[in-house]
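Visitor: here is my input; please provide its structure:
(one chain, ligands or ions: 2)
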Amino acid sequence: MQDFNYHNPTQIVFGQNRFNEIDKLVPKDANVMITYGGQSAKKYGTIDKVIKALGSRKIVEFSGIEANPKFETLVRATELAKQQQVTYLLAVGGGSVMDGTKFIALAVLKPDSEYQDILSHGFAPVPQKEALPLACVATLPATGSEMNGFAVITLNEQKYPMFSPEVYPQFSLLDPDLTLTLPKEQIANGVADAFIHVIEQYLTYPVNAKVQDRTAEGILKTLIEDGPVTYLDNNNIEARKNFMWSATSALNGNIGVGVPQDWSTHMIGHEMTALFDIAHGRTLGIVLPHLLRARKQQKHAKLLQYAERVWDIHNGTEEQKVDEAITKTEAFFNSLDIVTRLSHYNIDEQGIEKIISNLNKMGMTALSETQDLGLDEVRKILLSAL
Ligand code: NZQ
Ligand code: ZN
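Guide: Ligands and ions are numbered 1, 2, ... in the order given. All right, here's what the predicted structure looks like:
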């Protein structure tokens with residue numbers, strides 16, 4: 001196992017009917033900005049519940065943070081927060097709203113000429129010592145944004161990942177009832193996203209990190225078991241709870257400490273969303289099976305472990321077990337109606353060149369756990385996904 005530091009300051013409030021606890025968690029004198037997306041949070045009554053829980057605190061609302069949140073929208077929110085002297089941000093929504101709110105938390109303390117600087121550090125921490133405090137009411141289990149310091153912001157058809165230890169939510173309310181209004185395809189997106197978050201921290205090469213590996217395998221098995229149940233059945237609240245906590249646990253840092261990581265699928269997928277507007281989880285579903293087939297040799301030991309421990313494949317040669325595990329992974333996505341082919345989205349060889357060019361512009365030219373995955377090989381992987 002590699003050395004690591006681990007600190008996650010986010011308090012999780014998990015369960016049904018716990019909205020009134022927001023009152024205890026937000027400072028009494030806070031001047032709160034509630035941020036949300038299109039209309040779902042308003043339409044389904046979540047915003048009303050939040051406003052009620054906040055009691056007599058001064059509140060300003062900012063709606064319209066779109067899926068794959070845009071820099072320009074967040075600049076408008078930041079200006080409003082400055083104008084209203086907001087002291088606390090409460091994000092109500094999925095990954096896009098939570099991510100966008102993290103950007104606002106940093107931008108509010110900067111002059112407008114420096115907003116863009118926040119997006120110029122990649123995965124290195126944004127060099128800013130302070131942010132406005134923020135918290136989340138998570139309505140979509142998927143990204144893990146409710147318990148991490150990451151965000152992904154869209155600017156000029158590029159997705160910019162950012163990280164800051166200052167933007168971990170102070171608390172996040174995870175109420176499985178809030179997910180009952182999700183369209184089915186968003187459940188599928190969330191299952192795929194959470195699954196692939198685990199895969200990108202687990203399917204690399206062995207470093208004898210037993211706790212991380214077995215926790216990762218437990219999350220994967222839970223998603224395989226309860227993801228499809230949640231997708232198909234709106235009444236199984238226990239499956240939904242397990243899905244929700246799986247998504248948070250997949251990207252709260254716990255399974256990623258002390259192990260090599262490979263975020264290639266995400267980096268390629270992000271550019272597909274930016275260019276072709278395909279939902280995040282779905283882009284990952286397209287890339288991963290083809291990437292695993294291309295990277296079988298480099299990932300052999302972990303793929304074998306994955307086959308045996310996650311998919312319970314015990315017969316056949318090592319090669320056969322690995323192949324069967326990849327086939328089962330792809331079939332799992334397909335069972336959620338996630339199509340794992342680029343042609344389904346009308347992306348052809350020209351489209352692939354655009355993805356490659358975007359990756360190049362972003363400096364993503366040496367991907368994988370050992371930085372040996374160059375753009376020529378990414379092109380081959382995408383061609384095999386046509
Ligand atoms: O805008 P509204 O009307 O709220 O509709 C949203 C949105 O259209 C809807 N929705 C959310 N909760 C709902 C609901 N509809 C009905 N009932 C509910 N309870 O769902 C749609 C998608 O929401 P979005 O927040 O975009 O989805 P998701 O949570 O998958 O977030 C995706 C974003 O997160 C980033 C992605 O790149 C993408 O921008 N990621 C963030 C990460 C992080 N912070 O750690 C890591 C991820 O890998 C990912 O990159
Ligand atoms: Zn993701």
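Visitor: which positions in the protein make contact with ligand 1?
Guide: Remark: the part of the chain in contact with ligand 1 comprises 37-41, 67-68, 93-97, 99, 139-140, 142-145, 148, 150-152, 178-179, 181-182, 186, 189, 193, 251, 266, 280, using Cβ under 6 Å from any ligand atom. Bear in mind the C-beta positions are built from the backbone N, C-alpha and C, glycine included.
Visitor: for PyMOL, write the selection for the buried entries among the residues you listed.
Guide: The PyMOL selection below is limited to those of the residues of the chain next to ligand 1 classed as buried (16 or more other Cβ atoms under 10 Å):
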select buried, resi 37+40+41+67+68+93+94+95+96+97+99+139+140+142+143+144+145+148+150+151+152+178+179+182+186+189+193+251+266+280
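Visitor: now, the residues of the chain next to ligand 1 that are in strands?
Guide: Under the assignment DSSP state E, the residues of the chain next to ligand 1 contribute 93, 150-152 to strands.
Visitor: who does the longest helix belonging to the chain touch, helix- and strand-wise?
Guide: Ranked by residue count under DSSP state H, the longest helix found in the chain is helix 210-232. For helix 210-232, the packing partners by 3 or more Cβ pairs under 8 Å, 6 or more residues apart in numbering; DSSP states H and E come out as helix 184-202, helix 237-250, helix 300-309.
Visitor: most packed of the ones you listed?
Guide: Highest mean neighbour count among the helices and strands packed on helix 210-232 (mean count of other Cβ atoms under 10 Å): helix 184-202, with a mean of 24.
Visitor: chain center to that helix, what's the gap?
Guide: Here helix 184-202 is found 8 Å from its chain centre; the criterion is Cα atoms, centre = their mean, to the nearest Å.
Visitor: ok, and the closest non-adjacent residue to the most centrally placed residue in the chain?
Guide: When Cα atoms, centre = their mean is applied to the chain, the residue found nearest the centroid is Thr143 (2.4 Å). Leaving aside its chain neighbours, Thr143 sits nearest to Gly95 (3.2 Å; criterion: Cβ to Cβ, 6 or more residues apart in numbering).
Visitor: JSON lines please, covering the ones in strands among the residues of the chain next to ligand 1 and showing distance to Val75.
Guide: Putting these into JSON lines (distance: Cβ to Cβ, whole Å) gives the following:
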{"residue": "Gly93", "distance to Val75": "18"}
{"residue": "Phe150", "distance to Val75": "20"}
{"residue": "Ala151", "distance to Val75": "15"}
{"residue": "Val152", "distance to Val75": "16"}
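Visitor: any chance you could map the helices in the stretch 51-200 of the chain?
Guide: For the stretch 51-200 of the chain, helices defined by DSSP state H, counting those that start in this stretch occupy the ranges 71-83, 95-107, 184-202.
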